[in-house]
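Asks: what's the 3D shape of this:
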Amino acid sequence: MVYEFRNQPWFGLYVAYQLVTTTLFRLPFWYAVSYPQSWRPRPSWSLKRAVLVRLFRHLYSITQKTGPLTTPPTHRAIRPGPGIKAVWVDPCPHLITGPLLTLAIAANVSCARIPGYWIDRDASLPAGAPPQPNDKLLYRLHGGAYIQLSAHPSDPTANIARGMLRHCPSLTRTFAVEYRLSSARPYEDANPFPAALVDALAGYRYLVEDVGFSPRDIVVLGDSAGGNLALALVRYLRDSQPPSPASGGQQGREYVHTHAGGYPQVHVVPTHLPTPLPLPHALVLLSPWTDLSTSHAGPNSSLARSYASDYTLSSSPSSSSSSSLLSPLLALLPPLRPLLALAHTRTRTHTDAAPNTHLPLRASYPKHAFLGPLGTGFAAHSVYVSPACLGPFVAPHATFGGFPRTWVCAGGAEPLVDSIRTLWWRMERDLGRGCGGAGDVDAEQVEGADVDADGEGERWTGGVVYYEAEDALHDHVLFPWHEPEVGETLRRVARWLEWGW
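Replies: Numbers count the residues shown, from 1 in each chain. You can find the predicted model right below:
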């Protein structure tokens, strides 16, 4: 069951209980078991980071029972405040065609007017002001598993926009759309896929057609689920381009989904929009959620290896609570390790294999809410939802030719690192290896690289660069305390962007 304490008085009682017990008991316990360096999830972590990760994981488990602890901004209204620059973004039903129209009809998703928020280097600039010469814009799609967080400047994900403005001199403005979040029981079933993609497309159209930015001056950035959304947006823009002579008239693709035996099937036919939007200059993916299926799951996968070192609660609540207690016990009692590990495994297996109930398990709630009437099996059949899926329905269609230059980042301690590596390999296969960001690739060794006319520097306008921050968390750029990894990641992506302009 999820969100069982969402209503008063249970909400207040449960939060008060957690506040008291965490302050008096959990925090001292976490400090004690994290003090020995060998007991920390990663020996390289400081004591502060080890405790903070446990705290964030526990806070996340609390919100899985209570829902948001505060009232977040939503797509229904603009949240005003000091220095907040907001606009309304009009829908773009004329751009919803081909695969997107098919999916929207299947999921009963319509277009909607949504808010958008600006964060500019020049705070005095009005919201939605036309671009000035040399203006470069970051179009940010926030993370949050499609069920939480916000585009609002007060949201933690806005730290990414501010960090990019600090580290990248060329970027002068950022924009984020308040795309519709998905929900399922016990809340209203609302806004399943492709609602967020429809909204992201509307935001991109607003920037190009209403504000007047050239796509050559736009960088699309997505973190976590926002990375999934950014990939889907760019794929739709690419597939909507008119056929070029070089492609033999087969540039566009339409993914038509039918159902056979209860599972979606995918058929690919050519299609394109009559008036498509051009692709952006570049794509930045920070810890992207690239596989919503189970194709990367397994006992030796990063989903299993990295659970103790991450806060996302990728497995069931029982494994969450037991793992935090078993870790110090396993270290203290070597003879009992096999028995304790077996008990832990049996508990996880029993919980994860629970029969169908009226409400999804906590760990799978985001997928249930996001996929809605399409069903969770759809994740293994859609390149829009799971571009890194290893299954036979997605792998042949997970192509990235025609994508803009891309920078991909993962944390070495995050559960999604295996699927992110799969995405990187597939993109590098189709786009080639990029340079200019990681500092470990010579442009002259990369096919397609060239030198400036003045001979003063190497630039490369294509390919994919991958950077893996060692021992870093999922979406670590969100956390100001996650240094030096945050600063290093932002410096690398800023350098890569500067080289490409």
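Asks: quick one, domains of this protein?
Replies: 1-70, 85-295+368-443+458-500, 317-360 (automatic domain parsing).
Asks: Format the ones you listed as a markdown table; extra columns: mean neighbour count, distance to Leu303 and mean pLDDT.
Replies: From N, CA and C alone the C-beta is placed, and that goes for glycine too. Output for the domains of the chain, formatted as a markdown table (neighbours: other C-beta atoms under 10 Å; distance: least, C-beta to C-beta, whole Å; pLDDT from 0 to 100):
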| stretch | mean neighbour count | distance to Leu303 | mean pLDDT |
| --- | --- | --- | --- |
| domain 1-70 | 15 | 15 | 96 |
| domain 85-295+368-443+458-500 | 20 | 5 | 90 |
| domain 317-360 | 13 | 11 | 39 |
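Asks: Mind putting these into CSV with distance to Ala308?
Replies: Converted to CSV, these look like this (distance: least, C-beta to C-beta, whole Å):
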stretch, distance to Ala308
domain 1-70, 4
domain 85-295+368-443+458-500, 9
domain 317-360, 6
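Asks: quick one: which of the ones you listed is nearest Arg76?
Replies: Among the domains of the chain, the nearest to Arg76 by C-beta to C-beta is domain 85-295+368-443+458-500 (8.6 Å).
Asks: Out of the domains of the chain, the one nearest Ala77 is which?
Replies: Ala77 lies closest, by C-beta to C-beta, to one member of the domains of the chain: domain 85-295+368-443+458-500, at 7.2 Å.
Asks: Could you tell me the end-to-end distance of the closest one?
Replies: End-to-end distance for domain 85-295+368-443+458-500: 29 Å, by C-alpha to C-alpha, to the nearest Å.
Asks: likewise stretch 407-426?
Replies: Taking C-alpha to C-alpha as the criterion, the two ends of stretch 407-426 lie 13 Å apart.
Asks: before we move on, what about stretch 69-87?
Replies: Terminal-residue distance, stretch 69-87 (C-alpha to C-alpha): 26 Å.
Asks: what about that stretch, distance to the chain center?
Replies: The chain centroid and the centroid of stretch 69-87 are separated by 21 Å under C-alpha atoms, centre = their mean, to the nearest Å.
Asks: what comes into contact with it?
Replies: By C-beta atoms under 8 Å, 6 or more residues apart in numbering, the surrounding residues in contact with stretch 69-87 are 15, 62-63, 88, 112, 114-120, 123, 125-128, 148-155, 178-181, 199, 206.
Asks: can you rerun that using 7 Å?
Replies: Contact with stretch 69-87 is made by 15, 63, 112, 114-118, 123, 127-128, 150, 152-154, 178-180, as judged by C-beta atoms under 7 Å, 6 or more residues apart in numbering.
Asks: I'd like to know how far the closest residue to Pro130 other than its chain neighbours sits from Asp120.
Replies: Of all residues not flanking Pro130 in the chain, Gly212 sits nearest, at 5.1 Å (C-beta to C-beta, 6 or more residues apart in numbering). Distance, Gly212 to Asp120, by C-beta to C-beta, to the nearest Å: 15 Å.
Asks: Then Asp189?
Replies: According to C-beta to C-beta, Asp189 stands 37 Å off from Asp120.
Asks: can you tell me which of the contacts of stretch 69-87 are in strands?
Replies: Ile114, Pro115, Gly116, Tyr117, Trp118 (DSSP state E).
Asks: Pick the one among these closest to Arg26.
Replies: Tyr117 (35.1 Å).
Asks: That closest one and Arg173, how far apart?
Replies: Taking C-beta to C-beta as the measure, Tyr117 falls 12 Å from Arg173.
Asks: chain center to the longest helix along the chain, what's the gap?
Replies: With secondary structure taken from DSSP state H, the chain has its longest helix at helix 47-66. Its chain's C-alpha centre lies 19 Å from the corresponding centre of helix 47-66 when counted by C-alpha atoms, centre = their mean.
Asks: and if you look at stretch 128-138?
Replies: Relative to its chain's centre, stretch 128-138 lies at 25 Å (C-alpha atoms, centre = their mean).
Asks: Likewise for stretch 5-16?
Replies: 30 Å.
Asks: Please tell me how far His381 sits from Ser293.
Replies: Applying C-beta to C-beta, the value for His381 to Ser293 is 8 Å.
Asks: same thing with Asp189?
Replies: 21 Å.
Asks: Could I get the full set of helices for the stretch 51-200 of the chain?
Replies: 98-107, 158-167, 195-205 (DSSP state H, counting those that start in this stretch).
Asks: contacts for the second one?
Replies: Among residues not part of helix 158-167, those counted as contacts by C-beta under 7 Å, 6+ apart are 119, 121, 138, 140, 171, 174, 176, 223, 477-478, 480, 490-491, 494.
Asks: Swap in 6 Å and give it another go.
Replies: Residues from elsewhere that reach helix 158-167, judged by C-beta atoms under 6 Å, 6 or more residues apart in numbering: Ile119, Arg121, Leu138, Arg140, Leu171, Thr174, Val477, Leu478, Leu490, Arg491, Ala494.
Asks: mind saving the C-alpha coords of that helix as CSV?
Replies: C-alpha atoms of helix 158-167 as CSV (Å, rounded to 0.1, in the frame of the first residue of the first chain):
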residue,chain,number,x,y,z
ALA,A,158,16.4,24.4,-9.8
ASN,A,159,19.9,24.0,-8.3
ILE,A,160,20.9,22.4,-11.6
ALA,A,161,19.9,25.5,-13.6
ARG,A,162,21.7,27.9,-11.2
GLY,A,163,24.8,25.7,-11.3
MET,A,164,24.8,25.7,-15.1
LEU,A,165,24.5,29.5,-15.2
ARG,A,166,27.5,29.8,-12.7
HIS,A,167,29.8,27.4,-14.6
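Asks: picking that back up, from the contacts of helix 158-167, which is closest to Leu95?
Replies: Out of the contacts of helix 158-167, the member with the shortest distance to Leu95 (by C-beta to C-beta) is Arg140, at 20.3 Å.
Asks: which ones are touching that closest one?
Replies: Ala161, Thr174, Ala176, Leu221.
Asks: and Glu428, what element?
Replies: helix 417-431 (DSSP states H and E).
Asks: how about the strands of the stretch 301-450 of the chain, start to end?
Replies: 405-411, 450-451 (DSSP state E, counting those that start in this stretch).
Asks: again but with the stretch 151-300 of the chain, I slipped
Replies: Counting by DSSP E, counting those that start in this stretch, the strands of the stretch 151-300 of the chain are 171-177, 218-223, 254-260, 263-269, 282-286.
Asks: Can you give the strand pairings for the first one, parallel or anti for each?
Replies: Based on DSSP bridges, the strands next to strand 171-177 in the sheet, each with its direction, are strand 114-120 (antiparallel), strand 136-141 (parallel).
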